[in-house]
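1. Fold the following for me, if possible:
(2 chains)
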Protein chains: 2
Amino acid sequence: MSDYIHDRQALGISVGQVELQSVTFDSLTLESGRVLEPVTIAYEMYGELDADRTNAILILHALSGDSHAAGYYTGETKPGWWETMIGPGKGFDTDRYCVICSNVIGGCKGSSGPSSINPATGKEYGVGFPFITVGDMVRAQKMLVDHLGIPKLLAVAGGSMGGMQAMEWAVEYPEMVASVVSIASAPRHSPMQIAFNEVGREAIMGDPNWNGGDYYQGDAPDAGLAVARMIGHITYLSDEAMQEKFGRRMREHKPTDQGGQESFEVESYLRYQGEVFTRRFDANTYLYITKALDYYDLSAGRGVLVEVFRELPPDMRFLIIAFSSDWLYPPYQSKEIVHALKGNGLDCTYLEMSSSHGHDAFLLENKDLTRVVWHFLETTGRRREAHHA
Amino acid sequence: MSDYIHDRQALGISVGQVELQSVTFDSLTLESGRVLEPVTIAYEMYGELDADRTNAILILHALSGDSHAAGYYTGETKPGWWETMIGPGKGFDTDRYCVICSNVIGGCKGSSGPSSINPATGKEYGVGFPFITVGDMVRAQKMLVDHLGIPKLLAVAGGSMGGMQAMEWAVEYPEMVASVVSIASAPRHSPMQIAFNEVGREAIMGDPNWNGGDYYQGDAPDAGLAVARMIGHITYLSDEAMQEKFGRRMREHKPTDQGGQESFEVESYLRYQGEVFTRRFDANTYLYITKALDYYDLSAGRGVLVEVFRELPPDMRFLIIAFSSDWLYPPYQSKEIVHALKGNGLDCTYLEMSSSHGHDAFLLENKDLTRVVWHFLETTGRRREAHHA
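-> Residues are numbered from 1 along each chain as shown, chains lettered A, B, ... in the order given. Next up is the predicted model:
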């Protein structure tokens, strides 16, 4: 099976051309009580929904992701961010399942966010956009799933922030979730995770171009956003991965007064990554989503984690995956979820995959992830059929 | 012994009032071939030099340190940065030894650096200050030690960048070094260490106030320097230390449009640390010294590490210490030095201390460090006397 899958990836098999869709709802009441009106959700769908609408999988993206999880937009050569995992015969097998991915609210890729026009003022929201939570992201997705007429999702799945949304789905809408795939995620951020996000926010807000969030008619705070992204990138890698990828190799660059005519490859790489990010991402969205991440706590207001899962249906299935070298979302965070699930006798598979890729492993360990996810979904589907037979 | 020492710390025993001294030399030829003229070195001395000048210990500071390692300046209540380790009966026992600490060149606390006046222009050097290396820092210290008439140092000792200088002393001036204490240090920076420094530099240079390094007559790039310091601070701690110190506790602050009326304690702490740092440190010095750190390679131009140590005198003694939770300068980096020393049959004691404090442990694990350093120096002194008897 796994070699077959891996071959399909190597052959460039893909869902092919895809298009961004969107739906606009009159309003969404947020956890804070504030009402966002209207609210637009951008999404993509790959594969066919079956007649009884039981084969839908909702993919949930991470901080810098969007709804473009697989395939190609017309005229573009870069596929969606999880192309390796979503497609015909892949881990999320579009020959079998209808895969849906939407941009989170607060985002900047088609869903309502700080760069959207505030109908009350006729200009971009900026920091006038209401504070949003991971729970709000899931409320918006619920509206989309209802709109699509899907009564129950075969799976909700994501890595990092996507894993948080997946767990939030399970707890908030248990009757709509048959299974959960949470990869490299956490029930809540540690102070170290909060700290790295806060430095990124300080870099953005300290950039004079940020201008209190009101920069859409002028220069954006690119320097600050690039620094935030560079910090992020370091935390997504690992010491070992960086040794393998860059070592202390040098790269020539233009002469400067300091440090001679070369820089380390790792420096060029990070600067490039920072700069590229500013072309595709909105700084205010970075502020809003990192805040949502930091405030997120799966057990907040719900008691200790083992109590949070008490009312979950006994047939709900969980696949929780962490990576050995992920020091940003270390395995102990995933294990906390696993222990609480097992404490309720729930059907939970935990895998700590050996990888040198750090947090980025959830986007890179495709061969192992494909094998595990494909079989997990296949089993979930079979059990569901057995149940309805 | 150790309880005695610990009691002395608790009792506030100190070298007491100290004063900043400085000496100016006509010139210093740097590794790059450029000549710095004149060159001033700021330093402090604690304890008495004995008649034959054999009891001197040179303390070497880290990135954000300076010559003020112990005691108090007149009218100030904050002691030097290694007050816990330097003083009567302490690890570096000023009842026995004469302890010297100088500000590195490139620094901003009295030694020549980018904020010094360039005699050729009559204004601050800024980025016109020549590129400096860890080797250059040591060359400048050698001039100071010669000036003080000290033929051989009983020990060179430091943590982090201080440990790099200590090893550089041993290799460049082996006849002048009886022993080396290197704590939480490395033979060279990993790409991850370089990466964190580079993000800090980008934050500084991306601050419009940096103005190409020419800001001494106007506003300094405080926002950028604060971000750089915040990044540094996170890397000096550990996940465990931050859990213990901050957890997810909140602190009230002024209302903002995003994130409500509170922030996490870890955020307040980091913002405070960033802001305080801008009051005492020069942004250009931060650029120069982090570059010196990143380019430093104990084995560069000298062959593999085991060859670097081949000509060291067989009676030179080494104490190499690393900390279990130090992920910025992980123990494997210290061990690389240890293996190369042992490969030459040199007298090397290696300790991996169990600590939750991360890299900061070199400033915090005082009780254990005191015990180990005190005995190491005492043995070094006894051997030297036996040798000369």
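
2. Tell me the spacing between the closest residue to chain B within the stretch 51-200 of chain A and B:Glu267.
-> Residue of the stretch 51-200 of chain A nearest chain B, by CB to the nearest CB: A:Pro191 (4.0 Å). Where you see a C-beta, it was placed from the backbone N, CA and C, and this is true even at glycine. Look at A:Pro191 and B:Glu267: by CB to CB, to the nearest Å, they are 9 Å apart.

3. Same question for A:Glu275.
-> When CB to CB is the yardstick, A:Glu275 and B:Glu267 sit 27 Å from each other.

4. Now A:Val134. Nearest residue, chain neighbours left out?
-> In space, and not counting its chain neighbours, A:Val134 is closest to A:Tyr296: 4.3 Å by CB to CB, 6 or more residues apart in numbering or on different chains.

5. what does A:Lys78 give?
-> Per CB to CB, 6+ apart, closest to A:Lys78 is A:Tyr72, 7.6 Å.

6. just checking, the one you found touches A:Gln17?
-> Yes. Counting by CB atoms under 8 Å, A:Tyr72 touches A:Gln17, with 5.7 Å between them.

7. List the contacts of A:Val338.
-> Residues near A:Val338 by CB atoms under 8 Å, 6 or more residues apart in numbering or on different chains: A:Phe318, A:Ile320, A:Cys348, A:Tyr350.

8. can we see that at 10 Å?
-> Shown in contact with A:Val338 (CB atoms under 10 Å, 6 or more residues apart in numbering or on different chains): A:Ser182, A:Phe318, A:Ile320, A:Ala322, A:Pro331, A:Leu346, A:Cys348, A:Thr349, A:Tyr350, A:Leu351, A:Glu352.

9. again, but for A:Asn197
-> By CB under 10 Å, 6+ apart, the contact list for A:Asn197 reads A:63, A:189, A:228, A:231-232, A:235, A:286-287, A:289-291, A:293-294, B:264, B:267.

10. Which members of those occur in strands, if any?
-> B:Phe264 (DSSP state E).

11. from the contacts of A:Asn197, which is closest to B:Ser27?
-> A:Ile231 (40.3 Å; CB to CB).

12. Could you count how many residues lie near that closest one?
-> By the measure other CB atoms under 10 Å in any protein chain shown, the count of residues near A:Ile231 is 27.

13. any idea which of the contacts of A:Asn197 has the most stuff around it?
-> Tallying neighbours with other CB under 10 Å puts A:Ala228 at the head of these, with 32 neighbours.

14. So A:Tyr72 and A:Gln17 - more neighbours on which side?
-> Using other CB under 10 Å, the more surrounded residue of A:Tyr72 and A:Gln17 is A:Tyr72, with 17 against 11.

15. List the contacts of the nearest residue to A:Pro313 once chain neighbours are set aside.
-> Nearest residue to A:Pro313, sequence neighbours excluded (CB to CB, 6+ apart): A:Pro174, at 5.7 Å. For A:Pro174, the contacting residues are A:Phe309, A:Glu311, A:Leu312, A:Pro313, A:Met316, by CB under 10 Å, 6+ apart.

16. Sort out which of those residues are buried, if you could.
-> Neighbour-count burial (16 or more other CB atoms under 10 Å in any protein chain shown) applied to the contacts of A:Pro174 gives A:Phe309, A:Leu312, A:Met316.

17. ok, of those residues, which one's closest to chain B?
-> A:Phe309 (20.3 Å).

18. what comes up buried for stretch A:132-146?
-> For stretch A:132-146, by 16+ other CB under 10 Å, it's A:132-145.

19. And stretch A:151-161, by the same measure?
-> Neighbour-count burial for stretch A:151-161 [16+ other CB under 10 Å]: A:Leu153, A:Leu154, A:Ala155, A:Val156, A:Ala157, A:Gly158, A:Gly159, A:Ser160, A:Met161.

20. then that stretch to CSV, C-alphas only?
-> This file holds the C-alpha atoms of stretch A:151-161, laid out as CSV (Å, rounded to 0.1, in the frame of the first residue of the first chain):
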residue,chain,number,x,y,z
PRO,A,151,-24.7,16.1,8.5
LYS,A,152,-21.5,14.4,9.8
LEU,A,153,-17.8,14.6,8.8
LEU,A,154,-15.9,11.4,8.3
ALA,A,155,-12.9,13.2,9.7
VAL,A,156,-11.6,16.6,10.8
ALA,A,157,-7.9,16.7,10.3
GLY,A,158,-5.0,19.2,10.6
GLY,A,159,-1.5,19.9,11.9
SER,A,160,-0.4,22.5,14.4
MET,A,161,-3.3,25.0,14.7
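
21. Brilliant, that's me finished.
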